[in-house]
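Q: My questions are about this predicted structure, shown below with the sequence.
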Amino acid sequence: MVSERLTVVIKLGTSSIVDENTHEPILSILTLIVETAAKLHRDGHNVVLVSSGAVGVGLRRMDVDERPQYLPRIQALAAVGQCRLMSLWDGLFSHLRLPVAQILLTRNDIADRTQYLNAQNTFAQLFDMGVIPIVNENDTLAVSEIKFGDNDTLSAITAAMVKADYLFLMTDVDCLYTANPRTNPDAQPIEVVSDISSLEADVSSAGSALGTGGMSTKITAAKLGTSAGVTTIITKSSKPGNIHEIVRYLQHSRQAALADAADVEITASKPQTPIPPLHTRFLPSETPIQSRTFWLLHGLKPHGTLYIDQGAYTALQKKASLLPAGVVDVDGHFGQQEAVRIVVVERISPESLNGDFLHPGQEPKEVGRALVNYGSLEIARIKGHRSTHIQSLLGYADSEYVALRENISFFDNDEQVRR
């Protein structure tokens, strides 16, 4: 056992565990992943697998050569494949006497705050029971409106949900490079990224024929993970043993740093910090956002947009709630307690309440998300008016605010994460 219990999330893409041509599970890789998870578990850590592959395994089971375009057929193949995929995982882990649990998610499953907290509690109980959760998107039911988009994003949201220490995004290269190492011999590995916004790397990898991701989705996932305080790591999927070595290296480094900070003398007999396998490590934010803020920004699918003026934005930053007077326009169709984007614009004049609110060449700026107290049709009627007019305009007044401040969250440092 180690003195520090860590939570490690490992994301595996379809191409990492299913052969792109034959659609057969790559048993050698799957076995190594299971052995790695077991080592981490024996070291006292919590382990979560985010595993793609249901559609790929379904293609093999039904002898289908190519991934179809017809959505219901893809969902049917996912239903077939998910059973066999979990059976495969369960069989491999059972050899090491490790129980596993299946967790299938869509955005709808975490859109409600209570359900989100229930999911957190379920993970916590599974960890206490010594179970390894295996997470996948529920492709059988998911449509575009409730999909995470790719399992890289799902893994980042899962890592934030379980308050993970490390998120491993497994891919077909050892790490990020300054250029494509296959075509550019001068390409240099990028081992540590402290500021993703200033990252200069080749992210042209587009993913496999079976998968939906690529290197760009991993960068997006790294942004989400690091914003929640999760160290996010890219390393080679064909070498799952790297995960255990990297975790041990990071633990040794942390212990050495703590010893230095405490001015503890390092003796010659003290074990040296091992040299880790090549990887790219994205350092977590020094001021990670809280769980509820992360849920508002990234756990929910926005159903529309509220355009607010600069005065309203300034008031919101001072912890005020959003009044209808500060709303300039509304876009989309949504109901009460649904998520919307918050976009700041500049009014041309105080009377410009009907969409004519942008100066020529002005770009609207998305700054955050909110859960609204009124639907889009209602907000369209009360925008620009005082709260005292809501009763006369609507015939009722559920709240004097379009959105409460506790239900509004802003992107850190004006960073826009498009969902």
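A: Noted; the coordinates are in hand. Numbers count the residues shown, from 1 in each chain.
Q: Which parts of the stretch 151-300 of the chain are helices?
A: 151-161, 215-227, 241-261, 291-294 (DSSP state H, counting those that start in this stretch).
Q: Mind listing residues that contact the shortest one?
A: For helix 291-294, contacts defined as Cβ atoms under 8 Å, 6 or more residues apart in numbering pick out 113, 120, 160, 161, 163, 227, 228, 409. C-beta coordinates here come from the backbone N, C-alpha and C atoms, glycine included.
Q: So the last one is in contact with residue 369, correct?
A: This points to residue 409. Yes. At 5.8 Å, residue 409 counts as touching residue 369 under the criterion of Cβ atoms under 8 Å.
Q: Which one of these two is surrounded by more residues?
A: Set residue 409 next to residue 369 and count neighbours by other Cβ atoms under 10 Å: residue 369 wins out with 27 against 23.
Q: Across the sheet, point out what pairs with that one.
A: Beta bridges link residue 369 to residue 341, residue 409, judged by DSSP bridges.
Q: Would you check how far apart it and residue 284 are?
A: 21 Å (Cβ to Cβ, to the nearest Å).
Q: Which elements pack onto whichever strand or helix holds residue 90?
A: If you go by DSSP states H and E, residue 90 is part of helix 71-94. When contacts are defined as 3 or more Cβ pairs under 8 Å, 6 or more residues apart in numbering; DSSP states H and E, helix 71-94 packs onto helix 27-42, strand 46-51, helix 54-61, strand 100-105, strand 132-137.
Q: Kindly export the helix or strand where residue 124 lies (C-alpha atoms) in CSV.
A: Element membership for residue 124, per DSSP H and E: helix 113-128. In CSV, the C-alpha atoms belonging to helix 113-128 read as follows (Å, rounded to 0.1, in the frame of the first residue of the first chain):
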residue,chain,number,x,y,z
ARG,A,113,-27.7,18.3,-10.5
THR,A,114,-29.2,15.6,-8.2
GLN,A,115,-28.3,12.9,-10.8
TYR,A,116,-24.8,14.3,-11.1
LEU,A,117,-24.3,14.0,-7.4
ASN,A,118,-25.8,10.5,-7.4
ALA,A,119,-23.3,9.5,-10.0
GLN,A,120,-20.5,10.9,-7.8
ASN,A,121,-21.8,8.9,-4.8
THR,A,122,-22.0,5.7,-6.9
PHE,A,123,-18.4,6.1,-7.9
ALA,A,124,-17.4,6.7,-4.3
GLN,A,125,-19.2,3.6,-3.2
LEU,A,126,-17.6,1.5,-5.9
PHE,A,127,-14.1,2.7,-4.9
ASP,A,128,-14.9,1.8,-1.2
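Q: Contacts for that helix, please.
A: Residues contacting helix 113-128 (Cβ under 8 Å, 6+ apart): 7, 46, 48, 101, 103, 105, 109-110, 132-133, 161-162, 291-292, 295, 299.
Q: Which member of these is positioned nearest residue 93?
A: Here the nearest of the contacts of helix 113-128 to residue 93, counting by Cβ to Cβ, is residue 132; it sits at 6.6 Å.
Q: Let's see the helix or strand harbouring residue 380 as CSV, backbone CA atoms only.
A: According to DSSP H and E, residue 380 maps onto helix 376-382. C-alpha atoms of helix 376-382 as CSV (Å, rounded to 0.1, in the frame of the first residue of the first chain):
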residue,chain,number,x,y,z
SER,A,376,-36.9,31.5,-24.2
LEU,A,377,-40.4,32.8,-25.2
GLU,A,378,-40.8,34.4,-21.8
ILE,A,379,-37.4,36.0,-21.8
ALA,A,380,-38.0,37.4,-25.2
ARG,A,381,-41.0,39.3,-23.8
ILE,A,382,-39.3,40.6,-20.6
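Q: Please identify the buried residues of stretch 387-407?
A: 390, 401, 402, 403, 405, 407 (16 or more other Cβ atoms under 10 Å).
Q: before we move on, back to that, let me know the angle separating the helix holding residue 90 from strand 132-137.
A: 170 degrees (axes from the mean of the first three to the mean of the last three Cα atoms, to 10 degrees).
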